[in-house]
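# Structure of the sequence below:
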Amino acid sequence: MAATTKSIDGDGGGGGGADDRVMAAAQQILKSLNAPKEVREDMLLILSSFDNRLSKITDLINTSSAVQDRFESAEKVILRWDATSSSLPWEDSPDEAAEYLSALDEILQLWESLSVQNDKDLVDRADTAIQLAMTRLEDEFRHILVRNTVPLDADRLYSSIQRVSLSFASHDGEISEEFESFGEVGNGTGSCFHERGGSLGGDVSVDLINPDAVAELRDIAERMNRSGYEKECSQAYSSVRREALDECLAVLGVEKLSIEEVQKIEWRDLDEKMKKWVQAVKITVRVLLACEKGLCDQVFMGSDHIKDICFNEAAKCCLLQLLNFGEAVSIGVRSPEKLFRILDMYDALRDALPELRAMVTDDFLLREAEGVLHTLGEAARGTFAEFENAVKRETSRKPMLFGEIHPLTRYVMNYLKLLVVYSETLNSLLEGGEDELDSLRDDADNDKRQLESMSPLARHLLSLISSLESNLEEKSRLYEDVAMQYVFLMNNILYIVQKVKDSELRSHLGDTWIRKHRSQVRQYATSYLRASWSKALSCLKDEGLGGSASNASRVALKERFKNFNACFEEIYRVQTAWKVPDEQLRDELRISISERVIPAYRSFVGRFRSQLESGRNVGKYIKYTPEDLENHVLDLFEGTPGVLHHLRRKSS
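Residues are numbered from 1 along each chain as shown. Reported below is the predicted structural model:
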């Protein structure tokens, strides 16, 4: 003590530097005094009596004592909770939790204000207390997140978006049945009917965690970040929320599958998974991730950087799982029945990307999403091209039994009818392709200026239907009966026209196209009448009967009537089995037949009946009245084979 005092006296110059050295020496002395408060105060009096410059040490010792008291009081709270095995009673004992946070705040404040920085022992004790508190707070942070995570079921998730009616609900049965009936273009996989996923409504929100827990999480996150433990805090948050979002995907029916596993799935199962994927992308981005972003913003209110890190890490796994499935589908085997669902997937991801870009700051995730969108677009283009090739390649050689609508026609037209729902998407995907335009320009029937003004999809539709018509022309030649060839073509071309007229296809192909093809149906009808009835009508001509109506050869007349009867009965037998499904076309054909045949028959009978009536068995030759024929014509094209059972009339 004497040495220390001497040192102080020896500096008696009174300068500011000397005062500082005196105070430093006093502080060192006080630090070495590991004594109770009362002893320290007594020693203060002794020291101050040596030099009036040490009078300031009273304030120093008082301040140091107060700092130590505050620290020790806070330290006791931290150590008390560290000594227990249970987690902090944040929910059960909010007052005690508040006490813990206040104690931590006290230590952090003392540490940050440098009040303890000159005391190595106190610094070490503060570091230890903070480390203990961080360990406990990290555990409590996890527990609060887990305990307060709100379970989400599929109904609740789906109810968070506004469902719209199915685009093709009114055609469910028809489309499903027609696609089911034709397996060659569709690779025999059955129904290609699909439904477009429900679109999202306005602002949507679900509670991912109990709202009451947000303030508690924010309190803990703020302390951990302030203490330099932001990495531990963000990792705790991300790991818990990542698992919660993964569970949401499972609830939505999205499984964790490798690319190889996806490509081995049968089409019917894959179709269902693709449909669920579309809904999952919409709900994940618009609902789950949007709410997750909001949760991050609330919990980590003080740091944009930590908000971004936590959100990106929480979202990464579920996004990559969705993108992995999208990539697997896009590089899988291309077949026509997949196109609608691939377009649904493309649309869903394309619509989600702007919102993803607004939320996600991880460049890797955004590049992955954009890459999968690109490959889905390529898959859609390739699948559409595969469908076009399938229509051209379809070479089934089995004719339709009754000349009705071919399954290929039904399949293609219903396919195209559904396809135009995606006009905007397909126009963007097909833009720039000149192959279809070049091939259509080569067709002399096409207006070249009109072709150039058409959208990319419209040109592809025109090309597809032209390929279908060419294919139908080939299939018509499978019928030996030329008249049946024309009935087959009438049925199929009219079906094509009606599908165009009664759907959005009309806006793409135009009314001129419809008029042209209606005219084509009428030409086929005229060709049918000529091929089917010319022989029967030739029997009703005067040529070759030998003389005028009054002296025509009775033998020749009998032969004419016999031939006409045979022709008519054969036509009746065959063509009652033929089917014309369209009622209007069926009636128009019957009217055309009656207008050609009945007047000619009535006139022929009127001119020559008297010559046969003078002989015997006139009913054997004039078997039918004009009214009989007219009634029998009404039986044609019903798809039910019939045979005429004529009761011979007695000769008059």
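# so for stretch 121-130, what's the average pLDDT?
In this model, stretch 121-130 carries a mean pLDDT of 84.
# quick one: that stretch to chain centroid distance?
56 Å (CA atoms, centre = their mean, to the nearest Å).
# May I have the phi/psi pair for Gly639?
As for Gly639, its main-chain torsions (degrees, to the nearest 10) stand at phi 80, psi 20.
# Could you report the neighbour count for it?
Neighbour count of Gly639, defined by other CB atoms under 10 Å: 14. All C-beta atoms are positioned from the backbone trio N, CA, C, and that covers glycine.
# Which residue ranges of the stretch 101-250 of the chain form helices?
120-148, 154-159, 172-181, 214-226, 230-251 (DSSP state H, counting those that start in this stretch).
# what's the least confident stretch among those?
Note on the helices of the stretch 101-250 of the chain: lowest mean pLDDT is at helix 172-181, with a mean of 42.
# residues contacting the residue nearest to Val391 when sequence neighbours are not counted?
Among residues not flanking Val391 along the chain, Ser467 sits closest, at 5.1 Å (CB to CB, 6 or more residues apart in numbering). Neighbouring residues of Ser467 by CB atoms under 8 Å, 6 or more residues apart in numbering: Glu388, Val391, Lys392.
# Recalculate using a threshold of 10 Å.
Going by CB atoms under 10 Å, 6 or more residues apart in numbering, Ser467 touches Glu388, Asn389, Ala390, Val391, Lys392, Arg393, Glu394, Val412, Ser439.
# Pipe the helices of the stretch 101-250 of the chain into CSV and attach mean neighbour count and distance to Ile405 per row.
Formatted as CSV, these follow (neighbours: other CB atoms under 10 Å; distance: least, CB to CB, whole Å):
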stretch, mean neighbour count, distance to Ile405
helix 120-148, 17, 61
helix 154-159, 14, 38
helix 172-181, 16, 9
helix 214-226, 20, 63
helix 230-251, 19, 44
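# Glu313: which of the ones you listed is closest?
Nearest to Glu313 among those is helix 230-251 (3.6 Å), distances taken as CB to CB.
# I'd like the mean pLDDT over the helix or strand following the closest one, please.
The helix or strand immediately downstream of helix 230-251 is helix 259-263, counting by DSSP states H and E. Throughout helix 259-263, pLDDT has a mean value of 93.
# packing partners for helix 259-263?
The helices and strands touching helix 259-263, judged by 3 or more CB pairs under 10 Å, 6 or more residues apart in numbering; DSSP states H and E, are helix 267-283, helix 304-330.
# okay, the ones you listed in TSV with mean pLDDT, distance to Ala369 and mean neighbour count next?
TSV is the format used below for these (pLDDT from 0 to 100; distance: least, CB to CB, whole Å; neighbours: other CB atoms under 10 Å):
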stretch	mean pLDDT	distance to Ala369	mean neighbour count
helix 267-283	94	10	20
helix 304-330	95	6	21
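# Out of those, the one nearest Glu480 is which?
helix 267-283 (38.0 Å).
# Give me the distance from that closest one to the chain's centre.
7 Å.
# relative to helix 230-251, how tilted is that helix?
If you take axes from the mean of the first three to the mean of the last three CA atoms, to 10 degrees, helix 267-283 sits at 140 degrees to helix 230-251.
# Which other helices and strands does helix 267-283 contact?
Helix 267-283 packs on helix 154-159, helix 230-251, helix 259-263, helix 304-330, helix 339-359, going by 3+ CB pairs under 10 Å, 6+ apart.
# buried sites along the shortest one?
Spelled out, it's helix 259-263. Buried residues in helix 259-263, counted by 16 or more other CB atoms under 10 Å: Val262.
# What lies in contact with it?
255, 257, 270, 273-274, 324-329, 331-333.
# could you redo the last one with a cut-off of 7 Å?
With CB atoms under 7 Å, 6 or more residues apart in numbering as the contact definition, helix 259-263 has outside contacts at Asn324, Phe325, Glu327, Ala328, Val329, Gly332.
# gap between the second one and Gly302?
Pointing back at Phe325 there. Phe325 sits at a distance of 37 Å from Gly302 (criterion: CB to CB, to the nearest Å).
# just Gln131 next, same as before
21 Å.
# remind me which residues of the protein are low pLDDT?
1-65, 82-91, 114-119, 160-204, 433-449, 546-552, 614-616, 645-652 (pLDDT under 70).
# I'd like the domain boundaries of it, if you could list them.
2-148, 154-158+170-393, 407-433+447-520, 539-633 (automatic domain parsing).
# Distance to Thr526 for these - can I get that in TSV?
Listed next are the domains of the chain as TSV, based on distance: least, CB to CB, whole Å:
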stretch	distance to Thr526
domain 2-148	79
domain 154-158+170-393	28
domain 407-433+447-520	9
domain 539-633	8
